[in-house]
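Q: Need the 3D shape of this:
(one chain, ligands or ions: 1)
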Amino acid sequence: MAYKVVVVGVNHAGTSAIRTLLAQDPDHEVVAFDRNNNISFLGCGIALSVSGVVKDVNDLFYSDLADLQSYGADVHMNTDVYRIDTKKKIVYARNLESGQEYEETYDKLIYAAGSWPVEFKVNNGDLENIHICKLYQHAQELIKKASDPEIKSVAVIGAGYIGMELAEAYYLKGKKVTLVDLQERVVPLYFDQEFTDRLQNDIREAGVNLLLGARLTGYKGDKDGKVKQIVTDKGSYEADLVIQCVGFKPNTELLEKADKLPNGALKVDAKMLTSIPDIYAIGDTVAMYHAAADKHCHVALATNAVKGGVVAASQINGVEQVKLESIAGTNAICVFDNMLASTGMSEMAAKANGYNVSTSFYADNDRPEFMNEVEKVGIKLVYEKDSLRLLGAQIGSYGKTPHTEAIFYLSLAIQKKMNLFELAMTDVYFLPHFNKPFNFVISAILQALGLHYMKKQ
Ligand SMILES: Cc1cc2nc3c(=O)[nH]c(=O)nc-3n(C[C@H](O)[C@H](O)[C@H](O)COP(=O)(O)OP(=O)(O)OC[C@H]3O[C@@H](n4cnc5c(N)ncnc54)[C@H](O)[C@@H]3O)c2cc1C
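A: Now for the predicted structure:
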């Protein structure tokens, strides 16, 4: 059945939804709005462009207006949606350049307005050279400043994965870098101390000033109004450039009456439907059911955004088997020679969520020692003490061979709520070029169950 579908926001989630919807059924009338002037910019490449790994930042796009028009969508860029009447099913938008007004009715609405970096108020926050990091426009500024000889020192506020990537990128460009976080450890909700100790050490050994447990209170500038220092409760540090990376807030003000988490993320079901009839929400705007935490959580990642687009579009097209029943928050970080991946909850996050947990940490060489080259790998499993249900897993891979993708089957195990006995006999391969007969994942499970005779920790 063909519908009139209005899409609000055309970046990763919106693009995925539009392409899927019209590829499956070109008869829909699709009208889409985005307030930005570009489509599909991959923010994951910003740090890689700053450091010079990516030579041309324009390579970080995979779609554009012409692409979406070729599917049959009527896409309006530079056009802000300022009101949605959910009773009359009308979207109101205005072109930010020409002022042209739009009033579009819809049968189905796909809400993909994404998120925006949290901007916080501190003293002198309006000085020059203080930035946030998300859009192509931000990337252009951050790349230009990486090669500016007047920018000698850089402060990154927030040691999440984006902050750490930027800290490494500017360090590789020869800048003096300070990385600040309020928490006592980097990425504590995703990785426990077994991994963050080594990572923090490697960051510091590289010469980055990693300042943990420190609260930013403001900035100091020069007479030209440019930032020169960050001020924290643990002292002041030089900074000719500051990037604030302290998380993302979902853009959901337009759907005032929908069910939301306290941070504004829209609660959706497995079909990506919100609590308002005929309104689907996808991407960074939503909170999905998190299989480890057993509640709705906001996990702002591109992986969830593009899958959400496929699900919402398929549901509109009546392909009802395509659902996103749960997420597990699977993520990866690759900085300062630490290749890390995690899924579910860290031990700290699980305890904070009220779970009674046990853990199993196992570190080993990845291949048999008779091979010429072996590399270090470590894994930590977090599981419910009584039921042995897997709640989280973290993998650290140190060398040339990334072993992080083993996290994929552990995330499926979390989504399927499997316990360690069910996982212990997974049929994994063994080949000396790649791993050991008891590979590191199985070893960690057997160790947790008290069944491992291969190695005493
Ligand atoms: C630096 C950086 C690195 C990242 N790295 C990774 C990574 O390695 N792996 C990963 O999985 N994820 C990564 N992410 C996260 C990923 O980019 C986001 O999850 C993804 O952008 C979400 O896509 P989205 O389409 O839901 O939202 P957004 O990308 O936020 O897009 C929303 C769109 O809606 C538009 N919009 C908003 N409000 C309105 C309105 N009222 N009217 C009209 N248009 C509107 C916006 O202009 C925007 O184009 C990274 C993010 C950043 C910033």
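Q: a helix runs through A139, doesn't it?
A: Yes: under DSSP: H, G, I helix; E, B strand; the rest coil, A139 falls within a helix.
Q: So it is in contact with V57, correct?
A: Yes: A139 is within contact range of V57, at 5.5 Å (criterion: C-beta atoms under 8 Å). (Each C-beta comes from the backbone N, C-alpha and C, glycine too.)
Q: These two: who's more crowded?
A: Set A139 next to V57 and count neighbours by other C-beta atoms under 10 Å: A139 wins out with 22 against 19.
Q: which non-adjacent residue is nearest that one?
A: Sequence neighbours aside, I46 is the residue nearest to A139 in space, at 4.6 Å (criterion: C-beta to C-beta, 6 or more residues apart in numbering).
Q: quick one, what contacts that neighbour?
A: Neighbouring residues of I46 by C-beta atoms under 8 Å, 6 or more residues apart in numbering: V57, L60, C133, H138, A139, L142, E165, L166.
Q: residues contacting the fifth one?
A: This points to A139. F41, G43, G45, I46, S49, V57, L60, C133.
Q: ok, it to the ligand distance?
A: Note on A139: its distance to the ligand, by C-beta to the nearest ligand atom, to the nearest Å, is 8 Å.
Q: again with the third one
A: Between C133 and the ligand the distance is 5 Å, computed by C-beta to the nearest ligand atom.
Q: Could you report the separation of that residue from G264?
A: Relative to G264, C133 is positioned 20 Å away (C-beta to C-beta, to the nearest Å).
Q: and these two? which has more neighbours close in?
A: C133 (22 against 17).
Q: Let me know the pLDDT of that one.
A: C133 is assigned 97 on the pLDDT scale.
Q: The residue of the stretch 1-150 of the chain found nearest the ligand - nearest residue in space that isn't next to it in sequence?
A: Going by C-beta to the nearest ligand atom, the ligand is nearest to G114 of the stretch 1-150 of the chain, at 2.0 Å. Spatial nearest neighbour of G114, chain neighbours left out: D284 (4.5 Å); criterion: C-beta to C-beta, 6+ apart.
Q: neighbours around the residue in the stretch 351-457 of the chain positioned nearest to the ligand, how many?
A: Here the stretch 351-457 of the chain gets closest to the ligand at one residue, T404, 12.7 Å apart by C-beta to the nearest ligand atom. Burial of T404 is recorded as 19 neighbouring residues (other C-beta under 10 Å).
Q: name the element the nearest residue to it once chain neighbours are set aside belongs to?
A: Distances taken as C-beta to C-beta, 6+ apart place A341 nearest to T404, at 3.7 Å, with adjacent residues excluded. Take DSSP states H and E as the rule and A341 turns out to sit in strand 338-344.
Q: Now do D181 against S70, distance only.
A: Distance of D181 to S70, given as C-beta to C-beta: 44 Å.
Q: So between these two, which is more surrounded?
A: Remark: of D181 and S70, D181 carries more neighbours, 25 against 11, as counted by other C-beta under 10 Å.
Q: Which pLDDT value goes with the more buried one?
A: 98.
Q: on that earlier part again, phi, psi of the residue of the stretch 1-150 of the chain closest to the ligand?
A: Dihedral pair for G114: phi 70, psi -150, per degrees, to the nearest 10.
Q: Tell me which residues touch it, please.
A: G9, N11, A13, P250, N251, G283, D284, T285, A305.
Q: how close does D181 sit to S236?
A: 17 Å.
Q: picking that back up, pull up the pairing partners for the strand holding A341, direction included.
A: Take DSSP bridges as the rule and strand 338-344 pairs in its sheet with strand 331-335 (antiparallel), strand 390-398 (antiparallel).
Q: Mind putting those strands into TSV with mean neighbour count, distance to L410 and mean pLDDT?
A: Shown next, in TSV, are the strands paired with strand 338-344 (neighbours: other C-beta atoms under 10 Å; distance: least, C-beta to C-beta, whole Å; pLDDT from 0 to 100):
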stretch	mean neighbour count	distance to L410	mean pLDDT
strand 331-335	19	13	98
strand 390-398	26	4	98
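Q: got those as CSV, with distance to A206 columns?
A: Output for these, formatted as CSV (distance: least, C-beta to C-beta, whole Å):
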stretch, distance to A206
strand 331-335, 10
strand 390-398, 15
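Q: do you know which of those strands lies nearest A66?
A: strand 331-335 (32.2 Å; C-beta to C-beta).
Q: quick one on the thing from earlier: keep the contacts of G114, but drop any that are not near the ligand.
A: Contacts with the ligand within these, counted by C-beta under 6 Å from any ligand atom: G9, N11, A13, N251, G283, D284, A305.
Q: neighbours around the fifth one, how many?
A: By the other C-beta under 10 Å criterion, the neighbourhood of G283 contains 32 residues.
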